[in-house]
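>>> coordinates only, sequence not included:
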């Protein structure tokens with residue numbers, strides 16, 4: 001015997017009204033199907049985890065998530081003083097949370113619905129891990145060499161062992177009058193200490209264990225650096241950062257940039273070539289520059305891979321204009337560019353492509369706006385045309401702009417022939433030409 005279903009009075013009234021007005025009578029089963037299909041808040045199942053045999057890592061199994069079609073999973077580790085020591089995203093079946101030193105740690109898992117921004121969190125609880133190293137801070141002697149143009153000192157990261165396993169490394173450059181001219185932190189295997197002008201410079205490395213407070217200071221000594229580079233101008237080509245550019249993808253080749261603009265001690269750069277092939281967004285849906293996956297990739301994976309810590313510090317965070325003024329005027333009747341964003345790396349808008357390259361809808365003979373993908377980008381799927389060549393005779397591809405197309409399911413592009421057009425945001429054959437503002441006084445260019 002089926003049990004009678006008890007419904008709230010308001011729901012019964014709503015049901016009766018709907019039944020009276022509908023052209024086709026509703027059944028109770030169809031009504032309950034609609035209720036059960038209504039969106040639900042994001043939630044996760046129980047978490048399972050274990051501590052590694054060496055008691056230095058926590059292995060967490062991916063939780064079951066319900067109530068969200070698209071979501072991110074974040075893992076947060078806090079020490080006994082509630083200070084965050086690790087924070088990362090992953091959708092792997094199992095992740096290793098390894099703070100790198102011993103003590104009591106509290107682990108939280110947070111699931112976020114990327115569409116509704118609703119979150120669900122769960123606390124694994126306190127877990128004690130062992131120290132991976134001994135107590136004493138030991139640092140090998142740092143090695144270095146001068147660059148070929150004698151304008152930079154390349155310092156190799158010393159070998160370090162300490163209790164915490166998560167040291168800070170500071171690089172300090174002083175001029176001949178003992179005035180600081182550069183100071184930055186980095187854990188890169190090799191860093192470029194570049195004051196930006198010639199003279200006599202003294203370089204120090206300071207290694208600190210943030211847990212024990214132990215410190216080791218090494219003085220590389222006095223170095224004489226050469227004459228500064230000549231001032232750059234709009235239209236110049238400069239190298240800055242590194243990225244794979246061969247078909248194998250095993251290289252880190254210096255990136256060639258074109259100087260588009262110079263203002264107030266900073267230069268606007270765009271890569272000469274399409275450096276990679278990426279979708280604007282992984283599925284065909286309405287999206288803006290603010291929410292697209294290409295923006296997230298440029299300001300995370302690409303930024304970290306292409307530039308060391310000193311170079312990243314020279315890249316300015318820019319208020320990126322995504323207003324209708326940046327879009328193709330005809331398309332603004334149907335769409336808009338979304339909110340302004342704060343980015344270190346971005347793409348040109350349509351208005352900027354028009355300003356710097358003369359891109360228009362009509363001009364399919366615009367050679368200046370054509371760009372070729374690198375061999376690596378082509379290997380990743382970037383399109384290259386046999387019918388259209390760049391100014392230096394290479395097969396041109398199409399490249400993404402950040403502005404929307406005629407609707408937010410499409411994004412503006414520059415075709416291989418140099419004209420404006422649009423493609424669906426999930427197209428994967430578009431080249432990516434990163435754009436950034438860099439400080440000239442950083443001495444990087």
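Good, I have the coordinates. Bear in mind that the values here come from a model prediction, so they are computed numbers and not experimental data.
>>> list the contacts of residue 249.
376, 379 (Cβ atoms under 8 Å, 6 or more residues apart in numbering). Every residue, glycine included, has its C-beta placed from N, CA and C.
>>> the domain parsing of this protein - what is it?
1-36, 43-129, 138-225, 237-442 (automatic domain parsing).
>>> can I get those in JSON lines with mean pLDDT and distance to residue 231?
Formatted as JSON lines, these follow (pLDDT from 0 to 100; distance: least, Cβ to Cβ, whole Å):
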{"stretch": "domain 1-36", "mean pLDDT": "44", "distance to residue 231": "68"}
{"stretch": "domain 43-129", "mean pLDDT": "89", "distance to residue 231": "41"}
{"stretch": "domain 138-225", "mean pLDDT": "85", "distance to residue 231": "12"}
{"stretch": "domain 237-442", "mean pLDDT": "95", "distance to residue 231": "8"}
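>>> just name the most buried of those domains.
Ranked by mean neighbour count under mean count of other Cβ atoms under 10 Å, the domains of the chain are led by domain 237-442, which reaches a mean of 19.
>>> mind checking the end-to-end distance for that domain?
Terminal residues of domain 237-442 are spaced 18 Å apart (Cα to Cα, to the nearest Å).
>>> also stretch 425-441?
Stretch 425-441: ends 37 Å apart by Cα to Cα.
>>> so what's residue 285 up against?
Residue 285 neighbours (Cβ under 8 Å, 6+ apart): 409, 425.
>>> what's the spacing between it and residue 346?
Per Cβ to Cβ, to the nearest Å, residue 285 is found 21 Å from residue 346.
>>> please apply the same query to residue 216.
Taking Cβ to Cβ, one finds residue 216 at 40 Å from residue 346.
>>> residue 171 belongs to a strand, doesn't it?
Yes: counting by DSSP: H, G, I helix; E, B strand; the rest coil, residue 171 falls inside a strand.
>>> contacts only, for it.
Applying Cβ under 8 Å, 6+ apart, the residues near residue 171 are 155, 182-186, 191, 193, 203-205, 310.
>>> switch the cut-off to 10 Å
142, 153, 155, 182-186, 191-193, 203-206, 220, 309-310 (Cβ atoms under 10 Å, 6 or more residues apart in numbering).
>>> is it true that residue 167 touches residue 205?
No: counting by Cβ atoms under 10 Å, residue 167 stays clear of residue 205, with 11.1 Å between them.
>>> between the two, which contacts overlap?
Joint contacts of residue 167 and residue 205 (Cβ under 10 Å, 6+ apart) are 139, 158, 216.
>>> quick one: the helices in this protein?
For the chain, the helices defined by DSSP state H cover 9-21, 28-37, 293-297, 303-306, 309-314, 350-357, 375-379.
>>> ok, the most centrally placed residue in the chain to residue 89 distance?
The centre of the chain sits closest to residue 300, judged by Cα atoms, centre = their mean, with a distance of 1.7 Å. Per Cβ to Cβ, residue 300 is found 10 Å from residue 89.
>>> next: residue 437.
On the measure of Cβ to Cβ, residue 437 and residue 89 end up 27 Å apart.
>>> give me the nearest residue to residue 401, chain neighbours excluded.
Distances taken as Cβ to Cβ, 6 or more residues apart in numbering place residue 412 nearest to residue 401, at 4.1 Å, with adjacent residues excluded.
>>> ok, back up a step: wait, the residue nearest to the centre of the chain sits on residue 345?
Yes: here residue 300 reaches residue 345: they are 9.3 Å apart, a contact under Cβ under 10 Å.
>>> wait, residue 101 touches residue 80, no?
No: at 11.6 Å, residue 101 and residue 80 do not qualify as touching, with contact defined as Cβ under 10 Å.
>>> nearest to residue 399, of the shared contacts of residue 167 and residue 205?
residue 158 (41.5 Å; Cβ to Cβ).
>>> gap between the two ends of stretch 347-361?
OK, stretch 347-361 end separation, Cα to Cα: 18 Å.
>>> same check on stretch 119-138?
43 Å.
>>> give me the distance between the residue lying closest to residue 306 once chain neighbours are set aside and residue 270.
Nearest non-adjacent residue to residue 306, counting by Cβ to Cβ, 6+ apart: residue 241, 4.2 Å away. Distance, residue 241 to residue 270, using Cβ to Cβ: 13 Å.
>>> who touches both of these two?
Contact with both residue 241 and residue 270 is made by residues 257, 434, 436, according to Cβ under 10 Å, 6+ apart.
>>> adding distance to residue 408, write those residues out as a markdown table.
Formatted as a markdown table, the shared contacts of residue 241 and residue 270 follow (distance: Cβ to Cβ, whole Å):
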| residue | distance to residue 408 |
| --- | --- |
| 257 | 30 |
| 434 | 22 |
| 436 | 25 |
